[in-house]
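# here is my input; please provide its structure:
(3 chains, ligands or ions: 1)
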Amino acid sequence: MGTTTAIRTKTYVGERIRRKEDPRLITGTATYVDDIQMPGMHHASIVRSPHAAARIKGIDAKRALETPGVVAVFTGADVKEVGPVPCGASLPGLRVPQHSILARDRVYFVGHPVAVVVATDRYVARDAVDLVEVDYEPLPAVADPERALEPGAPAVHPEWPDNVAFTYHQEGGDVNKAFAGAEVVVKQRITSQRLIPTAMETRGVVADWRAGDKALTLYSSTQIPHLLRTLVAMMLGLAENRLRVVAPEVGGGFGSKLNVYAEEALMGFVAMRIGKPVKWIESRRENFAATIHGRGHVDYFELAANKDGTILGLKLKLIQDLGAYHQLLTPAIPTLSVLMIPGVYRFQNVFCDIVGVFTNCVPTDAYRGAGRPEATHGIERMVDILADELKIDAAEIRRKNFVRPDEFPFATATGLSYDSGNYAAPLDKALEIVDYNRLLEEQQQARKEGRLVGVGISTYGEICAFGPSPATPAGGWESGSVNIDPTGKVTVATGASPHGQGEETTFAQIAADELGIDIDDVVVVHGDTAIVSYGIGTFGSRATAVGGTAVYFALQELKKKIGTFGAMLLDSGDVSYRAGRCICNKTGKSVSLSEIAAASYRAMKLPPNTEPGLVSTCFWEPPNFTFPFGAHIAVTEIDRETGAVSVKRYVAVDDCGKIINPLLVDGQVHGGVVQGLGQALFEQAVYDETGQLVTGELMDYAVPKATMVPWIESSHTETPSPVNPLGVKGVGEAGTIGASPAIVNSVVDALSHLGVQHLDMPLTPERVWRTLQQHGGQA
Amino acid sequence: MKISGAYRLSLPQERAYALLQDPAMLAHCMPGAERLDKVGEDEYQMKLRMSIASISGNFDGRVRVADKNPHQSFRLVVEGTGKIGFVRGDGLLRIAAEDSGSNVTYEGDVQVGGTIAAVGQRLLDVTSKMMIKRFFDKFAEAAASA
Amino acid sequence: MIPQSFDYSAPATLKEALAQVSSGAKPLAGGMSLVPIMKLRLAAPEQLVDLGRIPELNYIRKEGSELRIGAMTTHYQIESSPLVRADCALLGETAGRIGDVQVRNVGTIGGSVAHADPAADYPAALLALGASLKLVSTGGERVLAAAQFFLDTFTTALDPGELIAEVRVPVSSGAGTAYVKLAQPASGFALVGIAARLVRAGNRIGSAAIGVTGVGPKAYRASEVERLLAAGKPTREAALHITGGIDVNSDLHASAEYRRHLASVYAARAIELAWSRTE
Ligand SMILES: Cc1cc2nc3c(=O)[nH]c(=O)nc-3n(C[C@H](O)[C@H](O)[C@H](O)COP(=O)(O)OP(=O)(O)OC[C@H]3O[C@@H](n4cnc5c(N)ncnc54)[C@H](O)[C@@H]3O)c2cc1C
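Got it, this is the predicted structure:
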């Protein structure tokens, strides 16, 4: 106990703090699923269908079983007791196909798991996969969602010959009136192609069954360890407290690991059957064929407006390619598109119909942005089409239609309440950064020289921080615990299990500031159901806004208790807590956090009605979503002779509320923009008409590489969210959402004087070249 | 994938028509064919070992001759399944007399599945053209000495 | 991605390697083409003989009017060699356009040439340069012109038991050269790659050699374009003949129609760039 020493004035929130996770990641000392070794561990390899649709007439595993080292082969018949792969989304009238963890008598897509081979060695297991003879009777397949809706198309599930899994309608305002009174209506079919999430680490599972304890531990590369525990326990018929799920280092997910996969339950089943630990690591080919894809929209838009550019209403018919099954959230994703279809605009008349279509493809589900990139791409393209039609500047027409700063909270036609915003601020800043007026002059000059230069704007709004529990399938709160040791060191446990976002850093920043201690005295743990309170997970740009807030409130609770102990130790009724010390306001005497912590655990003396120890847990339920926004501008030039697009400049001004760590926010924006750019220019999962995934590997599926990415000029405005005390909104998906329309708008702008209204993604050189040919713009 | 092409043979039309359906010739000329056994009228079972550079794979398959329109055209259906995937080719061959020889044109569809489809996209077109060319080259050579 | 099991040896001399190759072992160079194929189980060689530990296959030296490059010389070594830059800039420029830096650090010229991928970069340059290859076997050696070596898609004149020991490139003095390529964004392979070598005669092209890759079943010399250029035809006009007589490839990434067009555009660009580099 001493008198006040120098007060720590440094705070961490808002600083560019380097990521605590990076040293282990970049020195190869992190532990991913595949790094886990266990005594007696076996290896599994999966037999998958090469057909998009086929009847299984028989499976002969004799030769595989005869291979030395192979201990078991399980097929659909063996796993009848295991519950179906769960669909967590519920929509009225939703048709839910029975989704067994191994195919029963039919396969529905290329990559469909048919059998699992278990061996003492990974190589043997893989060899033996080739020895399992599956007798298939190929059936007609359909891979294109619009084709699947045509009469007479092959039925993906014979019980539903129309291939319709659901229809969903949402409307607000009076669209018919809006369209009837409109001076102009623009229409466009816009697709958002299927994408392959391509996390750097593929999926992987290690299952360890302890028969003596009747307890199963599942290590899985997942974004949602607790939900996985609940659902896999149900599938396997285990009591939930007999299952522990550990998400070790997770090498990216982008939504593809926000799921419960057949293989996760399957490995649990195998471990329980063979009584030994078992590991399965997904190959890149399996990852492409059997892990969820994203997007997969065909959208028919109509936008009604007045001649001055005021948007009056929007109609949308959305065809969602669901694939053959519902994974965890498959049917819910397009409903998010509809929710966010008004974007950042004020119009109040919306009429949307979704048709969810079964195809003989791997299911689609949440992929970075999950429904919002599709919506934003649609509305931002439509606004540009309208601007072009009315010959209004693209920035001007947006400003005209923005929700105004004094209209927040703003009720949208789709039933949302936008929390806060100043949509013109990032747009103005982005325009200033690119020097918009000069840019437009340069563009005119370039056109005179015969060059094709485009300037594309997208102003996006998105929905984050999922979300209030009534609006999310499994609850939308998050847990946060803070545990102060007797020596005063702090452990934060979050249920928002990260997979690359850097929560070990940002949550430590929050805790260090609140407790006034050094950031290195804080450790953030996550991803183990045995040590972290039940949590929801990291997805939908929710971790900081919901999980960080839970940590924040747990800290407030603890600070009260610290104050109580401090007051007792200082024997004062008037104390305050600053810079890691409890200070008597009268005498200036103080005690440090570690002294308080020691006293709280030693418990020689306790304040009245106070338990020993310094531990607090908060389950925080958010009152609303948060709604980040921003403006992206892309400058592109098209090679007239070849159609190749090059991005000359890319400016991203994002408003994600209050920024905890600008370095990490930039990282999220950069990564997000690159993924959006990937969709705009390069990426496309292609199934041929027989349902073969012909972009089955990275040699045909083009993810952007560092050398293919422009310099990203990232900047911010900060409009705090009133939804949580940190004022944060979320930024994990923003870049992806803003990028694809900025790029496509830019390329279309470069061609608009030739009469081009729209181009679908990806803007491959050949596609652009063909457009040039059609519009007489080729060199 | 659509395929089409033409090949000139210095054989009279009738003889070209007959030889192109002759199982012994097919077995001899199909790249990689190891054996061809008759299983029915105009239907054969086949074992094939395909190898292109480092890539190789064994296929079990069937060959079927259909829609015969003597001396003018017939349909050739070839199906093969192996560990690296499956192939189905369905083509219409037209044989027309031309000068002293004949001109064979073909038009059809090739479908592939499995690994070949998933990772072979860049090379499907070139390799199938090469296989067809190899077939005809060998055929022309064998026919000349037959 | 797990290959089937195979035996592996890494001899220290060419002699030992040849003995193994003659008894059916498959040579392994950088493994940038062979290993992926094995992992995809499209190939399952029973025995691999790694040429990577044989010093006598890795060198770049000048002998007379030729550069001699050992088969195991990596793309990066060629790209960064001052000797190559000075005496055969085209080959260095081509090497620098192969795949990405990781691939260039490991992949070798011998492996690329032996593999004879119809979209590989080197063949275009080697054809334009009039290079030749030294092939060796336990029975002896022979030297073959690149034009005689590339027979068809993935098909070369290598006999069973034979290895490529060396690539020989005439020193190109006085010529202007260029390699230009449109890379397919996923794999990095050429949708179109054009190697041009021009010799100036006063104010016009004296002779031209144009190698093309990615366009047809194998790399080829565009002899019609060469002839037209030497005859004084304007570049753009001559370049239109770049795919003359060629059955142009079509795939997921570029239709035959587009490739044909690209080939002529890139041919013109290669010729213009090479011309600007003539002395
Ligand atoms: C991601 C990626 C991108 C690529 N992009 C390009 C590109 O843009 N352009 C391009 O040209 N290439 C590209 N490649 C291929 C690359 O250049 C390979 O390195 C090259 O094709 C093969 O060389 P290697 O040394 O790796 O040979 P390996 O893969 O080891 O061998 C290839 C074949 O050659 C045989 N072989 C090897 N050496 C000899 C020898 N001395 N004598 C006889 N036979 C031999 C082997 O048995 C095998 O059949 C790419 C590869 C990858 C993985």
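# quick one: mean pLDDT over stretch C:179-193.
Taken as a whole, stretch C:179-193 has an average pLDDT of 96.
# and that stretch, does that touch chain A?
Yes. Using CB under 8 Å from any CB of the partner chain, we find that stretch C:179-193 touches chain A at C:182, C:184, C:185, C:186, C:187. C-betas here are computed from N, CA, C, even on glycine.
# just list the residues touching the closest residue to chain A within chain B, thanks.
For chain B and chain A, the shortest gap (CB to the nearest CB) falls at residue B:118, measuring 2.5 Å. Counting by CB atoms under 8 Å, 6 or more residues apart in numbering or on different chains, residue B:118 makes contact with A:110, A:285, A:288, A:289, A:692, A:693, A:694, A:696, A:697, B:85.
# what pLDDT does the last one get?
Looking back up the chat, that one is residue B:85. 92.
# who's it bridged to?
Assessed by DSSP bridges, residue B:85 has beta-bridge partners residue B:82.
# what about it, neighbour count?
21 (other CB atoms under 10 Å in any protein chain shown).
# and whatever residue of the stretch 101-250 of chain A ends up closest to chain C, how many residues sit next to it?
Closest to chain C within the stretch 101-250 of chain A is residue A:126: 4.3 Å, counting by CB to the nearest CB. Neighbours of residue A:126 under the rule other CB under 10 Å: 21.
# how close does it get to residue B:26?
The gap separating residue A:126 from residue B:26 is 35 Å, by CB to CB, to the nearest Å.
# again with residue A:45
Between residue A:45 and residue B:26 the distance is 37 Å, computed by CB to CB.
# pLDDT on the helix or strand where residue C:259 lies, on average?
Per DSSP states H and E, residue C:259 falls inside helix C:256-276. Averaged across helix C:256-276, pLDDT comes to 98.
# for it, name the packing helices and strands.
helix A:765-774, strand C:175-183, strand C:190-201, strand C:204-213, helix C:235-239 (3 or more CB pairs under 8 Å, 6 or more residues apart in numbering or on different chains; DSSP states H and E).
# pull out the buried residues from that helix.
Within helix C:256-276, the residues that qualify as buried by neighbour count (16 or more other CB atoms under 10 Å in any protein chain shown) are C:256, C:258-275.
# ok, now stretch A:314-333?
Going by 16+ other CB under 10 Å, stretch A:314-333 has these buried residues: A:314-316, A:318-333.
# do stretch C:229-242 as well
C:229, C:230, C:233, C:235, C:238, C:239, C:240, C:241, C:242.
# do stretch B:58-69 as well
For stretch B:58-69, the buried set under the neighbour-count rule, 16+ other CB under 10 Å, comprises B:58, B:59, B:61, B:62, B:63, B:64, B:65.
# could you give the mean pLDDT of it?
Stretch B:58-69 comes out at a mean pLDDT of 93.
# same thing with stretch A:320-338?
98.
# what's the end-to-end length of that stretch?
12 Å (CA to CA, to the nearest Å).
# what does stretch C:24-38 give?
By CA to CA, the extent of stretch C:24-38 from end to end equals 17 Å.
# what does it contact?
Residues contacting stretch C:24-38 (CB under 8 Å, 6+ apart): B:54-55, C:3-4, C:6, C:8-9, C:17, C:21, C:43-52, C:71-72, C:74, C:99, C:103, C:106-108, C:110-112, C:114-115, C:117, C:160, C:163.
# the same query, at a cut-off of 7 Å, please.
B:54-55, C:3, C:21, C:43-45, C:47-51, C:72, C:74, C:103, C:106-108, C:110-111, C:115, C:117, C:163 (CB atoms under 7 Å, 6 or more residues apart in numbering or on different chains).
# got a ChimeraX select line for the buried ones in those residues?
With 16+ other CB under 10 Å as the burial test, the buried ones among those are selected in ChimeraX as follows:
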select /B:54,55 /C:3,21,43,44,45,48,49,50,51,72,74,103,106,107,108,110,111,115,117,163
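# next step: the contacts of stretch C:24-38 restricted to helices.
Under the assignment DSSP state H, those contribute C:21, C:103, C:106, C:110, C:111, C:115 to helices.
# which ones among those residues come in contact with the ligand?
C:103, C:110, C:111, C:115 (CB under 6 Å from any ligand atom).
# next one: the residue of the stretch 151-300 of chain A found nearest chain C from residue B:115, what distance?
Nearest to chain C in the stretch 151-300 of chain A, going by CB to the nearest CB, is residue A:283, at a distance of 4.9 Å. Distance, residue A:283 to residue B:115, by CB to CB: 11 Å.
# with neighbour numbers in mind, choose between the two.
Comparing residue A:283 with residue B:115 by neighbour count (other CB under 10 Å), the higher total belongs to residue B:115, at 21 against 18.
# quick check: that one touching residue C:43?
No. Using CB atoms under 7 Å, residue B:115 is not in contact with residue C:43; the gap is 11.3 Å.
# check the most far-flung residue of chain B relative to its centre and give its pLDDT.
Most distant from the centre of chain B: residue B:99, at 24.5 Å, with distances by CA atoms, centre = their mean. At residue B:99, the pLDDT value in this model is 87.
# and what of residue A:4?
With respect to pLDDT, residue A:4 scores 44.
# farthest-apart pair in the ones next to the ligand among the ones in helices among the contacts of stretch C:24-38, please.
C:103 and C:110 (14.9 Å; CB to CB).
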